[in-house]
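Enquirer: After the sequence you'll find the predicted model.
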Amino acid sequence: MRSRQLPTLFVILTLILGLFCGSTARAADLVKVSTAWMDEHETFLMWYAKQKGWDKEAGLDIELGFFNSGKDIMKARETSAWAFAGVSSVAGMLGALDNDISVIAVANDASLTNAVLVRKNSYIPDHKGENPLYPDVMGTPVLMKGKTFVTTTMSSAHYALGTWLEALGLKLSDVVVKDMNQSQALVAFENNLGDGVALRSPHLYVGADQGWVIVSSLKKCDAAAPTLLVADSKYAEANPEVTAKFLAIYLRAVDTIQTTDPEELAADYQRFFLQWAGKNYSKSLALYDLKSHPVFDLKDQLAMFDTSKGQSQIQAWETKIAEFFARNGLISDDQLKKASAGAYITDRYLKMVAESAAK
């Protein structure tokens, strides 16, 4: 029986695993592709794809480079250290101003996992509903003005802090902001520096485990925070097929995430963080992180990047981020114009994936 089943199984696998190639590439034929990531949810999808061998099935050998921040990723781009990367919406916008990069897809929604926290003995959580438009946001302008907050400036966490302040009728200039990377900000707040701290996952979870109270998040302020997949523009333009394959591999992992019970993925998620990032996630934390990052399939991606009726959804989100930083004097008017034009955001490679899938 087994010998008669094998040819059929082989044909099925060949058709499924073709993915732009038609057949699984030999190791010697694989195209090495350097990519840059942080210890966050989006990286799990590509790590998972590599564990399954999906990159090799597509003729690629994707190398996952570890970076501590989006700033570090963008700095490494200056020396052509990577072809593709996963970065925050803020890093993507800022990177497009200073580097030749393109936003080619959305990795996930991180609006729930960029938040402002205070200590459990703080008075801030006692005040809620100051702005009826954002009923879940805590604090008041009188209480917050002049207080000190620790965060990573020019980051999605910084954006979360700013949107919270604006929801309360304040500006960044109305508080004192101490700039530190996420790990330093976490430790500093643990050692009683500041009245609050703005963090993103996974650092956010460490604070929450200590009983710190989430007083606001980008989600609570109705602010979008897509994690972006970006490309070195010159590399992508010179290698469009490789770029489309990279996206197809990631989107294959998206399909798995969307159709698999998180309980079934939790063990792999824990293994990813332990092996790749050196962090020991509990099962409950792994499940929470998986559930807190919605992902988008190809159909959704194409809709978010669609410019047929004017500015795309992604361009609109990135424009709002640029406007926030411009309002606070952190980028220039010329930079705002460049970011608002949205020329660095392209659906070219997503369309290539769709065309290949339709064949």
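Expert: Yep, that arrived. Residues are numbered from 1 along each chain as shown.
Enquirer: Tell me the helices and strands packed up against the longest strand seen in the chain.
Expert: Of all the elements of type strand in the chain, the one with the most residues (DSSP state E) is strand 101-109. Secondary-structure packing of strand 101-109 (3 or more CB pairs under 8 Å, 6 or more residues apart in numbering; DSSP states H and E): helix 41-52, helix 89-98, strand 226-232, helix 233-238, helix 240-259, helix 298-304, helix 313-327, helix 348-358. Every residue, glycine included, has its C-beta placed from N, CA and C.
Enquirer: tell me which residues in it are buried?
Expert: Neighbour counts using 16 or more other CB atoms under 10 Å place 101-109 of strand 101-109 among the buried residues.
Enquirer: of all those residues, which comes closest to Lys50?
Expert: Ranked by distance to Lys50 (CB to CB), the buried residues of strand 101-109 are led by Ala107 at 15.5 Å.
Enquirer: Identify the residues contacting Asp39.
Expert: Going by CB atoms under 8 Å, 6 or more residues apart in numbering, Asp39 touches 66, 202, 273, 276-277, 279.
Enquirer: returning to what we had before: which stretch among the helices and strands packed on strand 101-109 approaches Lys32 most closely?
Expert: Closest to Lys32 of the helices and strands packed on strand 101-109 is helix 240-259 (CB to CB; 10.2 Å).
Enquirer: Buried ones in the closest one, by neighbour count?
Expert: 242-254, 256-257.
Enquirer: who does whichever helix or strand comes after the longest strand of the chain pair up with?
Expert: Note on strand 101-109: by DSSP states H and E, the next helix or strand toward the C-terminus is strand 114-118. Strand 114-118 sits in its sheet next to strand 196-200 (antiparallel), strand 213-217 (antiparallel), going by DSSP bridges.
Enquirer: Point out the most buried one among those strands.
Expert: Most buried of the strands paired with strand 114-118, by mean neighbour count (mean count of other CB atoms under 10 Å): strand 196-200, with a mean of 28.
Enquirer: Roughly how far does the residue nearest in space to the middle of the chain sit from Leu186?
Expert: Residue closest to the average C-alpha location in the chain (CA atoms, centre = their mean): Thr227, at 2.4 Å. Distance check for Thr227 against Leu186: by CB to CB, to the nearest Å, it reads 20 Å.
Enquirer: doesn't Ala83 make contact with Asp232?
Expert: Yes - between Asp232 and Ala83 there is a contact at 5.4 Å, judged by CB atoms under 8 Å.
Enquirer: Let me have the buried residues of strand 101-109 in CSV, adding distance to Leu218 and pLDDT as columns.
Expert: As requested, those are exported to CSV (distance: CB to CB, whole Å; pLDDT from 0 to 100):
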residue, distance to Leu218, pLDDT
Ile101, 22, 94
Ser102, 24, 96
Val103, 18, 98
Ile104, 22, 98
Ala105, 20, 98
Val106, 15, 98
Ala107, 15, 98
Asn108, 13, 98
Asp109, 10, 97
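Enquirer: Looking at those residues, spot the one nearest Val177.
Expert: Nearest member of those to Val177, counting by CB to CB, is Asp109, at 25.3 Å.
Enquirer: okay, and for the chain, where does confidence drop off?
Expert: Within the chain, the segments meeting pLDDT under 70 span 1-28.
Enquirer: Please report phi then psi for Gln210.
Expert: Backbone torsions for Gln210, taken as degrees, to the nearest 10, come to phi -90, psi 0.
Enquirer: same thing with Lys128?
Expert: According to degrees, to the nearest 10, Lys128 has phi -140, psi 150.
Enquirer: State the distance from it to Glu40.
Expert: 29 Å.
Enquirer: contacting residues around the residue nearest to Tyr344 when sequence neighbours are not counted?
Expert: In space, and not counting its chain neighbours, Tyr344 is closest to Ala96: 3.8 Å by CB to CB, 6 or more residues apart in numbering. Ala96 makes contact with 102-103, 338-339, 344, according to CB under 8 Å, 6+ apart.
Enquirer: mind running it again at 10 Å?
Expert: 74, 102-103, 228, 230, 233, 318, 322, 335, 338-339, 341-345 (CB atoms under 10 Å, 6 or more residues apart in numbering).
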